[in-house]
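Colleague: Build the 3D model from these lines:
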Amino acid sequence: MVCVLLLFPLLTWAQTKVNASEIIEKMNRGEAVSYKNAEIVGNLDMTKLQNMKRKSGKQDTEAYISTVTAPVTFVNCTFRGDVLAYYSPDNGASGMFNNTNRVYNTHFEKDVLFENCMFAQKSAFKYAGFKGKASFQGSRFTEEALFKYTDFSKDVNFSNVRFEEAANFKYVDFPDKVSFAGATFAEEANFKYTKFLEGADFQEARFDGTANFKYAKISDSFNLRGTDFRGGDDFKYTRLNDKSVSLSGLQSRYK
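Modeller: Below you'll find the predicted structure:
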């Protein structure tokens, strides 16, 4: 065990430093992004790519969409700056709409992998669109993980992720089965109004803060085997196959 702890700093120092601007340049050229054991320096702001287009929307909102056209892969990487697929200069990354508001979002056309990565600063994927698979397996979010209204189209993997602050998945529709197996939620896990259309795996997950599933809609395959609810929980108005269900009712299915 001591040897492993002594080795860990060496592994950290072994990461190659990469400027976030270099990654944005690759995205602008339509090239695949693939990094392993890298330390990303600077803000990775993917909301203002060269192909950014204005999207018609509400009269009081100016919405702009940037599109990442090639696959994105980060394995064992550390992001020292912000990682943004959503940005609103009028309100910040997690602000609400005012009378006038500019919103910048990112859509990903191919698979996106952030596996065993650390997000040391802000991360925002609110309203982002993922047309391919999305995996954040084994990663760590040190600030709020903002996935409110995120549009996922295929498989989603958040297994063994550590959320050190709030994990916000409010209003997300998961079209395929999603995994949060082994995940740790240190603060509130917000799944209010979330739809798990093909089920979810929370096996061995740990909720130290409030597990908020109020108004969530779930299907038959909702695995809570070994899930540890240490904080409060809210399953008020939660629906299983369009029928009311409680946390104890869900847990009893896996005893």
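
Colleague: In this structure, which residue is most central in space?
Modeller: With distances taken as C-alpha atoms, centre = their mean, Phe147 lies nearest the centre of the chain, 5.0 Å away.

Colleague: so that one sits right up against Tyr171, yeah?
Modeller: No: Phe147 is beyond contact range of Tyr171, at 9.6 Å (criterion: C-beta atoms under 8 Å). For glycine as for every other residue, the C-beta is placed from the backbone atoms N, C-alpha and C.

Colleague: quick check, Leu250 in a helix?
Modeller: Yes: counting by DSSP: H, G, I helix; E, B strand; the rest coil, one finds Leu250 located in a helix.

Colleague: Just the pLDDT for the residue nearest to it when sequence neighbours are not counted.
Modeller: Distances taken as C-beta to C-beta, 6 or more residues apart in numbering place Leu224 nearest to Leu250, at 5.5 Å, with adjacent residues excluded. Per-residue pLDDT puts Leu224 at 95.

Colleague: Please apply the same query to Thr61.
Modeller: On pLDDT, Thr61 comes in at 78.

Colleague: and it, how many neighbours does it have?
Modeller: 17 (other C-beta atoms under 10 Å).

Colleague: how close does it get to Thr106?
Modeller: Counting by C-beta to C-beta, to the nearest Å, the gap from Thr61 to Thr106 is 17 Å.

Colleague: With Arg230 instead?
Modeller: When Arg230 is compared with Thr106 (using C-beta to C-beta), they lie 34 Å apart.

Colleague: Just grab the bridge partners of the residue nearest to Phe196 when sequence neighbours are not counted for me.
Modeller: Leaving aside its chain neighbours, Phe196 sits nearest to Ile218 (4.4 Å; criterion: C-beta to C-beta, 6+ apart). Note on Ile218: beta-bridge partners Phe196, Leu240, judged by DSSP bridges.

Colleague: The chain should start at 44 in everything you say after this.
Modeller: In the new count, where the first residue is 44, that last one comes out as Ile261.

Colleague: and stretch 97-113, how far apart are its ends?
Modeller: Start and end residues of stretch 97-113 are separated by 21 Å (C-alpha to C-alpha, to the nearest Å).

Colleague: Correct me if wrong, but Glu68 is in a helix.
Modeller: Yes: with the criterion set as three-state DSSP, the secondary structure at Glu68 is a helix.

Colleague: Measure how buried it is and give me the count.
Modeller: For Glu68, the neighbour count with other C-beta under 10 Å is 12.

Colleague: And for Ala229?
Modeller: Neighbours of Ala229 (other C-beta under 10 Å): 18.

Colleague: what does Asp125 give?
Modeller: Residues within reach of Asp125, counting by other C-beta under 10 Å, total 19.

Colleague: low-confidence ranges in the stretch 144-293 of the chain?
Modeller: Along the stretch 144-293 of the chain, the model assigns pLDDT under 70 to no residue.
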